[in-house]
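K.L.:
have a look; sequence and predicted model below, questions after that.
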Amino acid sequence: MNIKITLPDQSVREFPKGSSPMDVAKSISEGLARNVLAAKVDGEIQDLNRPLEQDAQVTLLTWNDADGKNTMWHSSAHLMAEALEFYYPTVKFWVGPPVENGFYYDVDFGGIAFSADDLKKIEDKMAELAKQGNPYVRKEMSKADAIQYFTERNDPYKLDLLSNLEDGKITFYTQGNFTDLCRGPHIPNTSHIKAIKLTNVAGAYWKNDSNNPMLTRIYGITFPKKSELEAYLTMVEEAKKRDHRKIGKEMEIFTFDDDVGPGLPLWLPNGGVLIEELERLAKKTEAVAGYKRVRTPHLAKESMYLTSGHLPYYADSMYPPMEFEGEKYYLKAMNCPHHHKIFKEMNLSYRDLPLRLAEYGTCYRYEQSGELFGLMRVRQLQMNDAHIYCTKEQFADEFNAVNDMYLKYFRIFGIEKYVMRFSTHEPSKLGQKYVDNAALWLETEDMVRNVLIESKIPYVEVADEGAFYGPKIDVQVWSAIGREFTLATNQVDFAVPARFGLTFRNAKNEMETPICIHRAPLGTHERFIGFLIEHYAGNFPLWLAPEQIAILPISDKFNGYAKKVLQVLINSDLRGLVDDRDEKIGKKIRDAEMKKIPYMLIIGEKEEQENSVSVRQHGKGDQGSLLVQEFVDKMQAEIKALLSV
RNA sequence: GCCGAUGUAGCUCAGUUGGUCAGAGCUACUGAUUUGUAAUCAGUAGGUCGGGGGUUCGAAUCCCUCCAUCGGCUCCA
């Protein structure tokens, strides 16, 4: 009896019942049969040797498919476990899944020391085992037998996994001398794993819960070809060169100092320019969008954070209070309560709404020491913050306007890859993690979801990630080196305005509580500049570049003319410098190129006589000569073009 | 906060088993050179080897501890 197998191109082939996906692969080509790693059968990923019992849609997965990669990496985790067990027979294993770049396995070494130095021998053993080409053999087992198996082996981790599994669905996989409880699927045999790199060893809490003991997590990555591993390692090296911490130091943008304290960045003059330019852009954009600017103190009394409700939720991550005059004062970790106080003071009617209060507010958050990370996670941050107070009827328009502002910024900065994460609440945590008002949560989440759908904004919805006062949207972006950032945030607050007793007079002369939108399209200066450094690899667009133009006299005879040119630039709102060191022009050019200065003006006798400059562009070389005024016009036109998109 | 690693001039790094091991290049400064599109030459200066304790005749090197950073975990209003 035959079954009909439909392939991705919609072609249909017949096979005897009980044929395997591998048989399908063989029928297509020998090469495919050699390279295929797993199969997707009616949407489910399976081993290649599982018999097909009925008509099915079959996609054969290779290294070029994400699912194929993941299958191989999952199998690689098993291979690593086999190698670990060879050297450390007493270790116990938790789980070993594939991840974005490779795989890991969580291991309990039971007190045996294991460090990065030990990775090499595991790697070598893996390579040796991989060459044996051992098949991954699937075996079904009853729950009772599985429990007995792991009880005999005294393995609390696998017993814990078993406790959540249903009888009749329990499978084991064996390759070589290693057997593991595993749902699969796996690649046919270990010989597909041709290049192996164990990248990292780190601690990881069991079940990702910080109350649990810590296991040793070993990360690795494998490839079907040695050349792909080499390419991957090269890419990692390239990524390191773009790291904002490295470029930030080289370009003198920011620094940290032990005496100032961890997570407290010092902005050097070049960083100061970046901040000034970003703020100029934000303030202009917000002014056009009808925002009003306010300024508020860096600290406030405990009572305000009790009113806002932040303190019970976030006391651990706020700096401890200062106590004086019998009062506790906290450094602010957020600007909203201060802004709420301003709203309250303003005594508004519906005619005054929406009210949009903006501030580049400086906040302090006591992030755990292990979380600090360059400019990305710091303890002092300055937010592109604003709070929009509006009526329910105005909500959709306001929310949309905020999203439009995001998109405008994305265009200016050339951010093409982004995802909006829509975070909602978890009903069982009302009253703990979330303010206890089920109806309002659902109503507000619907409002946000509807806006997202109606305006066709791509988003993913994640449960149990909301702020305590309402649902939120986080904008995830990726820097050029693949690092993921939560850049912007857009949050709905239906709870805190009421806690502050914020009201406006509506058209019926009744008092009504406004909805508040918290939004920060440019996130914080710290994280945004960190992102931009990696995004541009330090090659900032002209308008943003800390030094825009380096004037390089051929010899000190032309320093006078160079300084005159500089004055013209400064008077035209351009930033420049004169390199009047006693160096040859080649050296000056090299240094300016290394500093990633967008334009260099080489000047000598000819230029001085003509009142011109010889223009060189960073990374592009000689661009010919222009009169000084022509060059200024060109710069101003370029900046205007970059900002008006 | 937890697990692991790292910490030598402003920067990037050498310093083998504890004994002229406190070094190099770049930067800076001084002098010579007066230069045409990615490194001119020479000289000078610069470090309690992250801080503190300990072992030793002797510690950058071994041990303890604290701090910071890095890779993860947890967390992120």
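P.N.:
Yep, that arrived. Numbers count the residues shown, from 1 in each chain, chains lettered A, B, ... in the order given.
K.L.:
quick check: the residue of chain A nearest RNA strand B.
P.N.:
Closest contact between chain A and RNA strand B, by C-beta to the nearest atom of the strand, is at residue A:370 (2.0 Å). Heads up, the C-betas are built off the backbone N, CA and C, glycines and all.
K.L.:
what are the phi and psi angles of that residue?
P.N.:
phi -70, psi -10 (degrees, to the nearest 10).
K.L.:
tell me the pLDDT of it.
P.N.:
Looking at residue A:370, its pLDDT reads 91.
K.L.:
how about the residues of the stretch 201-350 of chain A by RNA strand B?
P.N.:
By C-beta under 7 Å from any atom of the strand, the residues of the stretch 201-350 of chain A that approach RNA strand B are A:201-205, A:208-210, A:214, A:216-217, A:245, A:249-250, A:256, A:258, A:261-263, A:310, A:314, A:317-318, A:333-334, A:336.
K.L.:
among these, name the buried ones.
P.N.:
The neighbour count (16 or more other C-beta atoms under 10 Å) marks A:201, A:204, A:216-217, A:245, A:256, A:263, A:310, A:314, A:318, A:333-334, A:336 as buried among these.
K.L.:
mind listing what's buried along the helix or strand hosting residue A:606?
P.N.:
Residue A:606 is part of helix A:605-610 when elements are defined by DSSP states H and E. By 16+ other C-beta under 10 Å, the buried positions in helix A:605-610 come out as A:607-608.
K.L.:
average model confidence for that helix?
P.N.:
96.
K.L.:
just the C-alpha atoms of that helix, please, in CSV.
P.N.:
Extracted in CSV, the C-alpha atoms of helix A:605-610 (Å, rounded to 0.1, in the frame of the first residue of the first chain):
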residue,chain,number,x,y,z
GLU,A,605,49.9,77.0,-0.9
LYS,A,606,47.4,76.4,-3.7
GLU,A,607,44.4,76.4,-1.4
GLU,A,608,45.5,79.5,0.5
GLN,A,609,45.9,81.4,-2.8
GLU,A,610,42.5,80.3,-4.1
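K.L.:
I'd like to know how many residues surround residue A:259.
P.N.:
By the criterion of other C-beta atoms under 10 Å, residue A:259 has 5 neighbours.
K.L.:
what secondary structure does it sit in?
P.N.:
Under the three-state scheme (DSSP: H, G, I helix; E, B strand; the rest coil), residue A:259 adopts coil.
K.L.:
what's the distance between it and residue A:2?
P.N.:
79 Å (C-beta to C-beta, to the nearest Å).
K.L.:
please apply the same query to residue A:62.
P.N.:
26 Å.
K.L.:
ok, residue A:85 next?
P.N.:
43 Å.
K.L.:
any chance you could map the helices in the stretch 1-150 of chain A?
P.N.:
A:21-28, A:30-35, A:66-87, A:119-131, A:143-152 (DSSP state H, counting those that start in this stretch).
K.L.:
and the ones you listed as TSV, adding mean neighbour count, mean pLDDT and distance to residue A:404?
P.N.:
As requested, these are exported to TSV (neighbours: other C-beta atoms under 10 Å; pLDDT from 0 to 100; distance: least, C-beta to C-beta, whole Å):
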stretch	mean neighbour count	mean pLDDT	distance to residue A:404
helix A:21-28	18	93	48
helix A:30-35	13	93	47
helix A:66-87	23	96	33
helix A:119-131	17	94	49
helix A:143-152	14	94	55
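K.L.:
select, out of those helices, the one closest to residue A:341.
P.N.:
helix A:66-87 (49.9 Å; C-beta to C-beta).
K.L.:
what angle separates the closest one from helix A:119-131?
P.N.:
110 degrees (axes from the mean of the first three to the mean of the last three C-alpha atoms, to 10 degrees).
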